[in-house]
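# Show me the folded form of this:
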Amino acid sequence: MTTVQHVAVIVEEDVILQDLPDLTTALADLMALIYALNLQYSKELRDAFERIHKVFMELGTERSGRVQSFQTKLLL
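Predicted structure coming up:
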């Protein structure tokens, strides 16, 4: 089993937040920063961030076909 020793939020190679207690907190803080600073999702992670944003955090009403499909699969 892997043990997480250091959790931080890094944006464009700069450490923004560090010594976070767990990955859940880091993800929530990252999503809050993206929203508050109106940052663009990276191309590589755009779909993952959109799913987290719209499905798990229930923000926004418009959902792409991929996100709708993912949400439907989760609910089955």
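
# Residue ranges in the chain under the pLDDT threshold?
1, 4, 57-61, 63, 76 (pLDDT under 70).

# would you list every one of the helices in it?
Here the chain has its helices, by DSSP state H, at 23-36, 46-51, 65-75.

# Turn those into JSON lines, columns for mean neighbour count and distance to residue 13.
Every residue, glycine included, has its C-beta placed from N, CA and C. JSON lines is the format used below for these (neighbours: other CB atoms under 10 Å; distance: least, CB to CB, whole Å):
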{"stretch": "helix 23-36", "mean neighbour count": "14", "distance to residue 13": "15"}
{"stretch": "helix 46-51", "mean neighbour count": "15", "distance to residue 13": "18"}
{"stretch": "helix 65-75", "mean neighbour count": "11", "distance to residue 13": "28"}
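
# Which one of those helices lies nearest to residue 14?
Among the helices of the chain, the nearest to residue 14 by CB to CB is helix 23-36 (11.4 Å).

# Columns distance to residue 8 on top of the helices of the chain, output as TSV?
Listed next are the helices of the chain as TSV, based on distance: least, CB to CB, whole Å:
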stretch	distance to residue 8
helix 23-36	7
helix 46-51	18
helix 65-75	27
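
# Tell me which of those sits nearest to residue 6.
Comparing the helices of the chain under CB to CB, the one sitting nearest is helix 23-36, at 10.3 Å.
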